[in-house]
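A.B. asks: I'd like to go over a predicted model; first the sequence, then the structure.
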Amino acid sequence: QLVESGGGLVQPGGSLRLSCAASGITLEYYAVGWFRQAPGKEREAVSCIRSADDSTYYPDSVKGRFAISRDKAKNAVYLQMNSLKPEDTAVYYCALTMSNCEADFDIWGPGTQVTVSS
């Protein structure tokens, strides 16, 4: 089971750190992705960290502003989001796959709302 936390309301230019915690699952054996979905829009991948070497992926829309990291001791994955923009407003989900970041993700959390607004 996955649970996201850390969402909330933040002003443009602000920062948030999202957490993805797991129970009954050891995250280090999985590629972990962060996705977001805004109302009326398709779901978008915003980051992924691979299990083999902890290499990371970011789309151009968040590159340089978002950073994904893994804490094996805490069995958690984080998404540090800086320089937030109103267009980052969405429900953010973490998800797991035993394959790579380009594969379909099998296990999903319920999501956490991020709202960027003044």
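C.D. replies: Great, that's in hand. Numbers count the residues shown, from 1 in each chain.

A.B. asks: What's the local residue count around Arg65?
C.D. replies: Look at Arg65: counted by other CB atoms under 10 Å, it has 16 neighbours. All C-beta spots, glycine's among them, are computed from the backbone N, C-alpha and C.

A.B. asks: So what's the residue count around the closest residue to Leu16 other than its chain neighbours?
C.D. replies: In space, and not counting its chain neighbours, Leu16 is closest to Met81: 5.0 Å by CB to CB, 6 or more residues apart in numbering. The number of residues packed near Met81 is 26, by other CB under 10 Å.

A.B. asks: give me phi/psi at Met81?
C.D. replies: Backbone torsions of Met81, given as degrees, to the nearest 10, read phi -120, psi 120.

A.B. asks: What of Pro86?
C.D. replies: phi -50, psi -30.

A.B. asks: so what's the residue nearest to Leu16 up against?
C.D. replies: 15-18, 62, 65-66, 88, 114 (CB atoms under 8 Å, 6 or more residues apart in numbering).

A.B. asks: Pick out whichever of these sits closest to Gly7.
C.D. replies: Val114 (4.7 Å; CB to CB).

A.B. asks: Assign a three-state SS to that closest one, would you?
C.D. replies: Recorded secondary structure, Val114: strand (DSSP: H, G, I helix; E, B strand; the rest coil).

A.B. asks: one step back: which one (most neighbours) among the contacts of Met81?
C.D. replies: For those, neighbours tallied by other CB under 10 Å; top is Leu18, 25 neighbours.

A.B. asks: what secondary structure does that one sit in?
C.D. replies: Quick answer, by three-state DSSP: Leu18 is strand.

A.B. asks: so it bridges to which residues?
C.D. replies: Leu79 (DSSP bridges).

A.B. asks: same thing with Arg36?
C.D. replies: Here Arg36, judged by DSSP bridges, has bridge partners Glu44, Tyr92.

A.B. asks: those strands in this structure, which residues are they?
C.D. replies: 2-5, 8-10, 16-22, 31-37, 44-49, 56-57, 66-71, 76-81, 90-97, 107-108, 112-116 (DSSP state E).

A.B. asks: about what we covered before: just the closest of the contacts of Met81 to Asp106, please.
C.D. replies: Nearest to Asp106 among the contacts of Met81 is Leu18, at 19.9 Å by CB to CB.
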